[in-house]
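Novice: using only what follows, build the 3D model:
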Amino acid sequence: MADERPLYERDPAAWQIHLAEGNARQPRKRVGADVLLRNGDGDILLVDPRYKPDWDLPGGMAEANEPPHLAAEREVREELGLELRVGPLLVVDWVAPHGPWDDSLMFIFDGGALPPAELLKPADGELADARFVALDDAQALLRPYVWHRLRHAVAALSDGRPRYLTNGTI
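Specialist: Sure thing, here's the model as predicted:
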C-alpha cells in the first residue's frame, strides 16, 4: 500500500526542494521605505535626490531580504548621517506597474521630531540638499503620489491609524 501521508511528512528534504522551486518561480516585489521626520515646528524633512527630478522623503529601496523598517533606518543613516530607530508604521502604498517598473510596496515610518540642535545635511553623493518645509509647501516639491503618501502619513500620525493605499489613495 502506498504511503498516503503528505509530502512534507513523507520526505522533508523533497518538501524543501519543492518549496525552493516554487520560491524561484514566484514574483518578487520591490520595497521602498521612507521616514517622516519633523522639526519642533512640525515642518517635514524633504530631500533632493540627484538621480531624480523631484524632492522626496528620506529613505529608499530595501535590499534583498531586508525588513522595511531597517531599510528606512539604513537609508537615513547613509544619506543624512543620522542614527535613528524608526517608530510606528504610518503608510503602506501598493504602487501599480509603471514605465519600466513592476509593482512595488512603499512604506512610511514615523521618524519622530528631531531636536533643534540636529543639523541635517547630505552625508553622501545621492542627495543635493535636505531641508525642513511646511506641510503645505511640500506639495509643490513632491510628485503627486508622494504628496498623497505624505498627506496620509501625517493623518496617520494624528489619529494613530496606519493607512493602506493603492497608488497613493485609500
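
Novice: give the contact list for the residue minimising distance to the centre of the chain.
Specialist: In the chain, the centroid-proximal residue (CA atoms, centre = their mean) is Ala33; its distance is 1.4 Å. The neighbours of Ala33, taking CB atoms under 8 Å, 6 or more residues apart in numbering as the test, are 59-62, 68-69, 71-72, 75, 106-109. In this view, the C-beta of every residue, glycine as well, is placed from N, C-alpha and C.

Novice: beta-bridge partners for it, please?
Specialist: Legend: beta-bridge partners of Ala33 under DSSP bridges are Gly60, Phe107.

Novice: lowest-pLDDT helix or strand in this structure?
Specialist: helix 12-25 (a mean of 81; mean pLDDT, DSSP states H and E).

Novice: using CSV, list the CA coordinates for that one.
Specialist: Only the C-alpha atoms of helix 12-25 are listed here, as CSV (Å, rounded to 0.1, in the frame of the first residue of the first chain):
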residue,chain,number,x,y,z
PRO,A,12,11.0,16.5,4.4
ALA,A,13,14.0,17.0,2.1
ALA,A,14,11.9,16.7,-1.0
TRP,A,15,9.4,19.1,0.5
GLN,A,16,12.2,21.7,1.0
ILE,A,17,13.2,21.3,-2.7
HIS,A,18,9.6,21.7,-3.8
LEU,A,19,9.3,24.9,-1.7
ALA,A,20,12.6,26.3,-3.2
GLU,A,21,11.4,25.6,-6.7
GLY,A,22,8.1,27.5,-6.0
ASN,A,23,10.0,30.4,-4.5
ALA,A,24,12.3,30.7,-7.5
ARG,A,25,9.2,31.0,-9.8
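
Novice: just to be sure, Val31 is in a helix?
Specialist: No: applying DSSP: H, G, I helix; E, B strand; the rest coil, one finds Val31 to be strand, outside a helix.

Novice: sorry, back to before: top of the contacts of Ala33 by neighbour count?
Specialist: Using other CB atoms under 10 Å as the neighbour criterion, Ile108 leads the contacts of Ala33 with 31 neighbours.

Novice: any idea how far that residue is from Gly59?
Specialist: Distance of Ile108 to Gly59, computed by CB to CB, to the nearest Å: 8 Å.

Novice: could you dump the lengthiest helix in the chain to CSV, C-alpha only?
Specialist: Determined from DSSP state H, the single longest helix within the chain is helix 144-159. Extracted in CSV, the C-alpha atoms of helix 144-159 (Å, rounded to 0.1, in the frame of the first residue of the first chain):
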residue,chain,number,x,y,z
PRO,A,144,1.7,63.9,-6.7
TYR,A,145,1.8,60.3,-5.5
VAL,A,146,4.5,61.1,-2.9
TRP,A,147,2.5,64.1,-1.8
HIS,A,148,-0.6,61.9,-1.3
ARG,A,149,1.5,59.4,0.7
LEU,A,150,2.9,62.2,2.9
ARG,A,151,-0.6,63.6,3.5
HIS,A,152,-1.9,60.2,4.6
ALA,A,153,1.2,59.7,6.8
VAL,A,154,0.6,63.0,8.6
ALA,A,155,-3.1,62.0,9.1
ALA,A,156,-2.0,58.5,10.4
LEU,A,157,0.4,60.3,12.8
SER,A,158,-2.5,62.4,14.1
ASP,A,159,-5.0,59.6,14.7
